[in-house]
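1. give the three-dimensional model of this entry:
(2 chains, ligands or ions: 2)
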Amino acid sequence: MALKGADIMKKLPKTNCKECGCATCFAFAMKLATGGAKLDDCPYLDPEVRTELESAMAPPVKLVTVGTGEEALVIGEEEVMFRHEKTFFHEPGLAVLVSDREGEPEVEEIIARIHELRFERIGHTLRVNLLALSNESGDRDTFVARVGKASKATDLPLILISGDTDTLFSAAALCADRRPLVYPITAENVSAAIPKIKELGVPAGVKGESLDEVISVTSQLKDAGIEQCVIDPGSKDLLEGIRDQTLIRRAALKKGFRPLGYPTMAFPCFMYQDKFEEALAAAALMIRYTGIVVTSLTEKDLVFPLLVHRFNIYSDPRRPMTVEEKVYEISHPDENSPVLISTNYALDFFIVSGAIEEANIPAFLCIKDTGGIGVLAAWTSGKFTGEAIADFLAKFEVESRVKHRKLIIPGVAKKLKEELEEELPSWEIILGPSEASDIPKFLSEKWKA
Amino acid sequence: MAYEAPLEKYPVKIREVILGGGEKARKIGGENALPLHFFEGSLPNPPGLALEVLDTRPENWAPWILEPFEDVASDPMSWAKKCVEEFGAEILCLRLLSTDPAGKDASPGEAAKTVEQVVKAVDVPLVVLGTGDEEKDSQVLIEVARVCSGKNFLLGPVLKGNYQEIAQAALEHGHCIVAQASMDANLTKELNIALCKFFPPERIVVDPTSSALGYGMEYTFSIIESIKLFGLADRDNMMQMPVFADVGIECWRTKEAKESRDQGVLWEATTGITFLLAGANLLVLRHPEALRLIKKITTP
Ligand code: B12
Ligand code: SF4
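-> Numbering: from 1, shown residues only, chains lettered A, B, ... in the order given. Ligands and ions are numbered 1, 2, ... in the order given. This next block holds a predicted model:
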């Protein structure tokens, strides 16, 4: 739980010696509370107090890393129950489950398909992030062989799933340097698993049939010095999932309850037979706090909505995504090329510039600073009005770039057309389509300088 | 440290609003917990999932959204019947697209006649929506309220600029209203306060305006969620109206929904369940499969 500056102050030496770089101990306490200073900066802290403060100030949800390198998944350290209170920080991992009953060529083929599930959107790469290999065959050699193969075929982080602890760790030993998540660590196998987890240094996927069981396992792991854990509360359907995930997040954030202070996982792939139901449950579980969502989905049409959904929910509500205000030249326009205008809401810029590129007609795309607000909301609040746009055209000397005087505006902004006709009598104001996706058709059929 | 489940109890609840009449009347709202939090509160009414019916043959719809209605698309009565009988809709949303001043500009009388016919064809509760044009909607919805007096429709959208006339008519003729205020919880509250000076709060449903996955969904999500928390956690009784979300119309105009059937269905279902988890009590959907999916995974 976050400590207040005043609480921290009580535990400091109160000598105001300034060695921490702060004028007083109190100033240091305030800085610590807001994350602007480190405990290390004060050399005079009593070691006991230090440990106490350290654990009180530790983030309530542990940061856990699965995998290594660029593809590593980092989850945890969430601070709020509701995204509007601040933001959600670490996007959940989307894992695809693969059974070791699949032959080697099939596993390779699935991996190749997963690698293709990558999409560019608003300057970000959306992708599936983990491969979960499950020992459905029950055979140790088969599982080890598949894991060996898979770990060579992909850089994605791995989740290794086997009900047989020996099998699980034999496979983990093969790729321990890749930090696979080993699952399930349960009340039954935790004692046997502890030495192996320590030896291999891999994160532990803890599974319990109830939260009490989860707590007993994470507590034993913690006593053994293992805190890289991800919790699966064993939810059987979406409603159980919402209950379990909510209680875990609340216990960690609101009660500072350490044994549940870990990121979580859930298995929509075992909850629903129908792939659409599975995808929808996965989307819902992403909203409700789940750190890793394991599905069986590799179809582009089912995975893409899920990835956009995750991107939306984990976007930062404190600041809209923006791009720079300027005139963008798309595909080397000349003095006869069309001029279009939109806002600096990143979504607008990417959708409209993408549509112009698709049209294959070079163009000037004017991007007006609206504080990252889209067309209609910006028009209503006075940031994308006739006057504001006229100022923009003057500021960026648009008239000197083209011979014609034609400005294409978003089709949804009907009233803006009248405003602009008044502000810019020498310009012809053309109402474009309402949907950016219709821009290619519009330009190729209608554009003439 | 002993574990005790951190349950949260709210001493207040969202108002229960009754839609329609007779055996098929449906209640929405009435819960004293966050969405689907069956483990800590009472949620007496499942979220209302309405299917949309247009009074005009749709234009530019992707084949897979038109396909379920292909045979009935030119006839709102058959369309409504099919939604109820074949797709199991418990609520319908009739959108009076024909009245759009920038389109066909049908008269209030013509629109009301269509509504009357649909009411005769089906017995489930009806949401009746205008096009969002303040002036025209007020003429159209007043006429609909009058002609279908006593039918307990949910009429909307009622805006700051036309709430007085429409709410007055709804009051006289026994209907509920959708109070729409764009994207700002404070504006939602202001409009509720203004309405409640003469209109019963238990007949108001609020619409903070919707959006689609990938096109502003996260904003609508957070605004619905904050309205719900103002109502339950902060006990603000002007924020305890059930929430309405117009999902289908937003989703099916996106490029992504038009790309493929599967992607379109999930685009709509994902947006719908997102608003439902934020706290929406009534969703307007277009594709019957989106409705089926949402219902399936949220029903206890
Ligand atoms: C999300 C949202 C917000 C977010 C803004 C998010 C953002 N970064 O823009 C927030 C919560 C901040 C917001 C606030 C407000 N909003 Co608002 N908001 C919406 C909502 C739900 C979705 C808008 C959205 O993001 N659409 C997606 C983007 C991509 O759409 P777009 O910018 O129009 O771009 C599309 C097309 O226009 C086209 N396009 C874009 N550029 C160009 C250029 C050319 C040349 C062409 C041809 C095409 C083209 O391509 C895009 C995709 O096809 C809409 C309702 C709705 N469903 O539309 C209301 C809506 C836009 N908001 C509205 C209002 C009134 C407001 C406020 C003024 C209300 C208030 N509380 O004061 C504020 C003002 C904001 C401010 N502070 O300045 C109204 C506008 C009414 C109108 N004029 O018709 C709307 C329509 C809601 C309504 N029905 O009443 N809003
Ligand atoms: S170094 Fe420690 S004792 Fe010295 S002023 Fe800073 S907090 Fe106080």
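2. quick one: neighbours of the closest residue to ligand 2 within the stretch 51-200 of chain B, just the number.
-> Nearest residue of the stretch 51-200 of chain B to ligand 2: residue B:185, at 41.7 Å (Cβ to the nearest ligand atom). C-beta: built from backbone N, CA, C; applies to glycine. When neighbours are counted by other Cβ atoms under 10 Å in any protein chain shown, residue B:185 registers 23.
3. Three-state assignment for residue A:97, please.
-> At residue A:97, secondary structure determined by DSSP: H, G, I helix; E, B strand; the rest coil is strand.
4. from ligand 1, how far out is it?
-> 34 Å (Cβ to the nearest ligand atom, to the nearest Å).
5. so which strand or helix has residue A:262?
-> Using DSSP states H and E, residue A:262 sits within no helix or strand.
6. the residue nearest to it when sequence neighbours are not counted and residue A:236, how far apart?
-> Leaving aside its chain neighbours, residue A:262 sits nearest to residue A:229 (4.6 Å; criterion: Cβ to Cβ, 6 or more residues apart in numbering or on different chains). Between residue A:229 and residue A:236 the distance is 21 Å, computed by Cβ to Cβ, to the nearest Å.
7. near ligand 1, which residues of the stretch 151-300 of chain B?
-> Contact residues, the stretch 151-300 of chain B versus ligand 1 (Cβ under 6 Å from any ligand atom): B:182-184, B:187, B:209-211, B:215-216, B:219-220, B:250.
8. which of those residues sit farthest apart?
-> B:187 and B:215 (20.9 Å; Cβ to Cβ).
9. neighbour count: the two, which is higher?
-> It is residue B:215, of residue B:187 and residue B:215, that has more neighbours when counted by other Cβ under 10 Å, with 22 against 16.
10. pull the number of nearby residues for residue A:57.
-> 16.
11. from residue A:247, how far out is residue B:22?
-> 41 Å.
12. so those two - more neighbours on which side?
-> residue A:247 (20 against 9).
13. hmm, residue A:210 and that one touching each other?
-> No - if you go by Cβ atoms under 8 Å, residue A:247 and residue A:210 don't touch, sitting 10.8 Å apart.
14. who's more crowded, residue A:229 and residue A:236?
-> Neighbour totals were compared for residue A:229 and residue A:236, and residue A:229 leads with 25 against 11 (other Cβ under 10 Å).
15. the more buried one and residue A:218 touch, don't they?
-> Yes - assessed by Cβ under 8 Å, residue A:229 is found in contact with residue A:218 at 5.6 Å.
16. which ones are touching the residue of the stretch 201-300 of chain B found nearest ligand 1?
-> Taking Cβ to the nearest ligand atom, ligand 1 has its nearest neighbour within the stretch 201-300 of chain B at residue B:216, 2.8 Å off. Applying Cβ atoms under 8 Å, 6 or more residues apart in numbering or on different chains to residue B:216 gives the contacts A:347, A:374.
17. now it: how far from residue B:271?
-> 10 Å.
18. next SSE downstream of the lengthiest helix in chain B?
-> What stands out as the longest helix in chain B, according to DSSP state H, is helix B:261-278. Next along the chain after helix B:261-278, taking DSSP H and E as the criterion, comes strand B:280-285.
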